[in-house]
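In: build me a structure from this.
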Amino acid sequence: MGQVYEEFARDLDRWRDSYQGNPHGEIIHLLLLGLEREEIVSVAYRDTMIVRRLRSMPIPYEIQELMRHALIWAWKDEEMHAVYLRGAILKLGSVSLRIRAWLHQMVGAAGGWSSAVRQHTRWRTAPLSHSLATLFTWAGMLTGQVPEDVRQYLRYRPFRDFCLFNVDAELTARLCYERLLALLRAQPGLAPELIEDFSRVKADEERHTRIFQILADAVDDQDRLAPGETLESLTQKIGAVGEFFLPRAARSQMIADNPVGSGGRVWVLHGETADDKLPIFRRLLDEAGLADQLEARARALGKPIGDLRIAIKPTFMMGYHRKDRSPVSDPALLEDLARLLRERGCADIAVVEARNMYDHFYRNRSVAEVARYFNLASPLYRLADLTDEQIPHAYFRGIVQYSVGRTWKEADFRISFGKLRSHPTDLVYLSLANLEGLGARCDEFIFSERQMHRDTALMMLIGDFPPHFAILDGYEAIPDGLVGIMGAPRPKSPRRFYAGCDALAVDMVAARHLGLRDPRVSRMLDAACHWFGDPSAQIVVVGLNEAVAGWRGPYHNEWSTLLSFLAHPVYEFGSWRGALFVSEMDERAFPSIMPERLPLRLARRGLQTMLGLRHPK
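Out: This is a model prediction of the structure:
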């Protein structure tokens, strides 16, 4: 154990004595301490800083990438922990405590950035950043925020020293969570999920300790590979901690039944007229090999195709009025997909959806009621409302999310059937994003007291219950603009479809066609690449491979770009928990739950007009 660990252990003993008889106070103190620490490392471990340091080291590129991926997972874990702790503190309700939480997170972010700059950057390569980071560090020393035993590590030293310092730091985090768990277990009436979550966080810190020790042992004081260390030996050591710390190519169990991130062929077919829609769609499904995938899945499960349980996830719960069908799946296409599956022998075909924010403000917003309104019904399939059929599930990775829709979980073959849509913060909303809400409700991961980012919650779901096939409808009534996910008064007709076995590959091709030179600028697609591997080098486009003409997206002009930049913080903190940002609902079909008073009505109409959320007249 190093000096950092020993000093922290003494601090824990002092706090235990000072909070004697006040376990609640000690819990709050440890939560705030944990939040600041997690924010520090979630910034300090950030990929952009780590990769720059690794690229400067005289070790083979393949080993740099192996180390980088292990550290990416540590970074994403710590980022997840920071959000979880902040949400836990904010849910306690006190205004003063909320302010303290935000201050601790801000201090942690500043400390993480300054320590990362000083640890991985020399003054001559970034004099301005290095000088500013030095000022932050000195300020931390003067205010007692930077302990004396930590100061020696806040400068450019061998990468081995950085890893050894973080071995100590991760051990202190484990010690903190051990004490916190002991206090929580002694509190009556706590939800068992809370104990489970903090136990998972503690286990993450233990794995990070092992990862940093492995990396420290792999290099010498000149940043060279240690004698006897090879790509194979390092891969074996990291994999023993957890397969998810390895790049996708080095995994075995995690990818056995998960095509997401594998790459492969993506079919893009184009039609000329509205009458071409169904023939082109059927040709897409045939050429993309949906029938072959069904047969392969049946063989893998040892079942006849007729016994396969099929789940299709279309999109229609953002639908608000028949005059704007852009956020709603085409009923004819959905029925034709079900018909093809029937022709191949499938008997159990379920169309699954889940409720969203609208049911907080309007009546008749169950999946069955919205489907009926948009004529989404057929004897070829049955509807399943996954909000009503959530069942417990212990996810392989992550925290906070504890359930999944039964029909999606139990399906033998899952299909994501989304639409091309723009999104104000993710830029695009495609086949992976289409699966939001099949576990916990998506609005649990939006507002300030959330304990998980929405992209992390979705990756947890996809990791355990991935789609086996992805289809994107880009033919008619396709919503574009600032908030295309919610609808569009003037939708596009690109007259194209996308399909493939890897939903991430399908999304990356579609994202490039929608103007994203690097699809990973979308937070959702970037998160998927971190979790499942970047399939870009393995993607082969079959068919049309060119941009969608006239697509604007959320960044089509300066005004729209500014609104996109503000979208997330405004929605999180200034939307009255989503009440202000709703489309112009057909209130004869979906009447308001509460009377729409004049201030709310005026605010809604103003935002609908500004954002293009009013249906076409």
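In: use CA for all of it now, contacts and neighbours both
Out: OK.
In: could you list the domains of this protein?
Out: What automatic domain parsing lists as the domains of the chain is 3-247, 266-544+553-611.
In: can you check the pLDDT for Phe8?
Out: For Phe8, the pLDDT comes out at 79.
In: picking that back up, least reliable of the domains of the chain going by mean pLDDT?
Out: Looking at these, the weakest mean confidence is domain 3-247, a mean of 86.
In: and the domains of the chain as JSON lines, adding distance to Val260?
Out: Shown next, in JSON lines, are the domains of the chain (distance: least, Cα to Cα, whole Å):
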{"stretch": "domain 3-247", "distance to Val260": "14"}
{"stretch": "domain 266-544+553-611", "distance to Val260": "5"}
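In: quickly compare these and say which is most buried.
Out: When these are scored by mean count of other Cα atoms under 10 Å, the highest mean neighbour count falls to domain 266-544+553-611 (a mean of 20).
In: how long is that one end to end?
Out: 33 Å (Cα to Cα, to the nearest Å).
In: just how off-centre is it within its chain?
Out: Put simply, domain 266-544+553-611 sits 14 Å off its chain's centre (Cα atoms, centre = their mean, to the nearest Å).
In: element containing the most centrally placed residue in the chain, please.
Out: The centroid of the chain falls nearest to Asp455 when counting by Cα atoms, centre = their mean (1.6 Å). Using DSSP states H and E, Asp455 sits within helix 454-464.
In: by contact count, what packs against that helix?
Out: In terms of contacts (3 or more Cα pairs under 8 Å, 6 or more residues apart in numbering; DSSP states H and E), helix 454-464 is packed against helix 523-532.
In: that older thread, OK, contacts around the residue nearest to the centre of the chain?
Out: 523-524, 527 (Cα atoms under 8 Å, 6 or more residues apart in numbering).
In: next: Pro304.
Out: Going by Cα under 8 Å, 6+ apart, Pro304 touches Ala298.
In: what's the spacing between it and Leu482?
Out: Pro304 is 46 Å from Leu482, by Cα to Cα.
In: for His530, same thing?
Out: Taken as Cα to Cα, the span from His530 to Leu482 is 26 Å.
In: how long is stretch 345-357 end to end?
Out: 37 Å.
In: please disregard the earlier target; I meant stretch 565-582.
Out: 19 Å.
In: thinking again about what came up before, what's the closest of the domains of the chain to Pro259?
Out: Among the domains of the chain, the nearest to Pro259 by Cα to Cα is domain 266-544+553-611 (5.4 Å).
In: ramachandran coordinates for Arg614?
Out: Arg614 adopts backbone torsions of phi -100, psi 140, taken as degrees, to the nearest 10.
In: check Val542 too.
Out: Main-chain torsions, Val542, degrees, to the nearest 10: phi -110, psi 120.
In: re earlier: dump the contacts of Asp455 into JSON lines; add distance to His615 as well.
Out: Converted to JSON lines, the contacts of Asp455 look like this (distance: Cα to Cα, whole Å):
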{"residue": "Arg523", "distance to His615": "29"}
{"residue": "Met524", "distance to His615": "28"}
{"residue": "Ala527", "distance to His615": "33"}
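In: of the residues you listed, closest to Asp161?
Out: Nearest to Asp161 among those, with distances taken as Cα to Cα, is Ala527, at 29.2 Å.
In: pull the contacting residues for the closest residue to Arg46 other than its chain neighbours.
Out: Residue nearest to Arg46 in three dimensions, not counting chain neighbours: Trp75, with 6.0 Å by Cα to Cα, 6 or more residues apart in numbering. Each residue near Trp75 by Cα under 8 Å, 6+ apart is listed here: 41-43, 45-47.
In: next, the angle from the one helix or strand Trp75 maps to to helix 454-464.
Out: Assessed by DSSP H and E, Trp75 sits inside helix 61-90. Helix 61-90 and helix 454-464 are oriented at 120 degrees to each other (axes from the mean of the first three to the mean of the last three Cα atoms, to 10 degrees).
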